[in-house]
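In: with the sequence up front, the predicted model follows.
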Number of protein chains: 2
Amino acid sequence: MAEPWHEELRARGYRVTPQRQLVLEAVTALRHATPEEICTEVQRTARGVNISTIYRTLELLEQLGLVKHTHLGHKPPTYHLASEADHVHLVCRGCGEVYDVTPTVAKGLVDVLEQEYGFETDVQHLTVYGRCRNCRTT
Amino acid sequence: MAEPWHEELRARGYRVTPQRQLVLEAVTALRHATPEEICTEVQRTARGVNISTIYRTLELLEQLGLVKHTHLGHKPPTYHLASEADHVHLVCRGCGEVYDVTPTVAKGLVDVLEQEYGFETDVQHLTVYGRCRNCRTT
DNA sequence: ATGTTTGCAAAGGATTTGCAATAAA
DNA sequence: TTTATTGCAAATCCTTTGCAAACAT
């Protein structure tokens, strides 16, 4: 229970609550989960937790730099741990699967945008849509 | 008024209405506009047009392949003409500006994903977040 | 005339907010 | 005790849907 982020919270005048711990655990366990899905996961342990608490907690955790969110197509934003190695998301239009791949795949893109447009790419938020190997053959 | 898509519509049993023409004109004029913004634009000419008509029309026009939509961050989907040359979107986190750039910037990325992961990239739906030249210097 | 399309109002899903009660410090 | 946090309900925002009236063909 002596997790480092507990002190981080208190130092900023926030409080460590069971709800906040559970949300962080859920984000850790689920990877790329929507608020709704996180809520369901949290409620497996603590039934009473309200969806609005989930939203407020995710906002706080993101502010603290513990989690991040991405927009994957139509669906609500999905959250994942910030500490996870940075990755690029591949979203398959066929099966809907989300794959994480190394940011190095985007090196060429990043370099071109930098040189040609002076644009600094946020690689961690890069999402690529398309068709995965499985769905292309079927 | 003898636009080619009019026949296309009728051929499929749909009807050519003022609302549909206005929506297409608005999408043409605005580029990357949300349904809300398109509605406002349309209403400058025809006040009575309802937002639900905008949604239904955009859905129809997209089905016909005349317009496409993209998800740009938090905001509602934005629509643009399908006939516009394909492009990659650069979204600046600083000023919110959306830049269109040639899909060739993604060649490296596309090739790597193809070779390493067997993933077929949908370049037209690629959106890159980051900071534009202006916002980096300021 | 016939069947599509529209405007309106109501329903829906996701997210936010106000507030009194609860719990962390 | 003090004040941040929670649960609840209501409010908002965006989008969809049902339906009768209006319009394109």
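Out: On my side now, so go ahead.
In: near A:Pro35, how many other residues are there?
Out: 19 (other C-beta atoms under 10 Å in any protein chain shown). Backbone N, C-alpha and C define where each C-beta goes, glycine included.
In: who's in contact with it?
Out: A:Ile51, A:Ile54, A:Tyr55, A:Leu58, A:Pro76, A:Pro77, A:Tyr79 (C-beta atoms under 8 Å, 6 or more residues apart in numbering or on different chains).
In: ramachandran coordinates for it?
Out: Phi and psi for A:Pro35, reported as degrees, to the nearest 10, are phi -50, psi -40.
In: can you check A:Arg12 too?
Out: Dihedral angles for A:Arg12 - degrees, to the nearest 10 - are phi -100, psi 10.
In: how about the nearest residue to it, chain neighbours excluded?
Out: A:Leu64 (7.8 Å; C-beta to C-beta, 6 or more residues apart in numbering or on different chains).
In: nearest to chain B: which residue in chain A?
Out: Per C-beta to the nearest C-beta, A:Gly108 is where chain A lies closest to chain B, at 2.2 Å.
In: do I have it right that that residue meets B:Val112?
Out: Yes. A:Gly108 lies in contact with B:Val112 (C-beta atoms under 8 Å); the separation is 7.3 Å.
In: the two: which has the busier surroundings?
Out: B:Val112 (20 against 17).
In: can you tell me how far that one is from A:Arg93?
Out: Distance of B:Val112 to A:Arg93, computed by C-beta to C-beta, to the nearest Å: 19 Å.
In: does DNA strand C have contacts with stretch A:35-42?
Out: Yes. Stretch A:35-42 lies within reach of DNA strand C by C-beta under 7 Å from any atom of the strand, at A:Pro35, A:Glu36.
In: how about that stretch, does it reach DNA strand D?
Out: No. Stretch A:35-42 lies out of reach of DNA strand D by C-beta under 7 Å from any atom of the strand, never closer than 9.0 Å.
In: again with stretch A:16-27
Out: Yes. Counting by C-beta under 7 Å from any atom of the strand, DNA strand D is contacted by stretch A:16-27 at A:Thr17, A:Gln19, A:Arg20.
In: same thing with stretch A:71-89?
Out: No. Shown here: stretch A:71-89 not in contact with DNA strand D (C-beta under 7 Å from any atom of the strand), separated by at least 8.8 Å.
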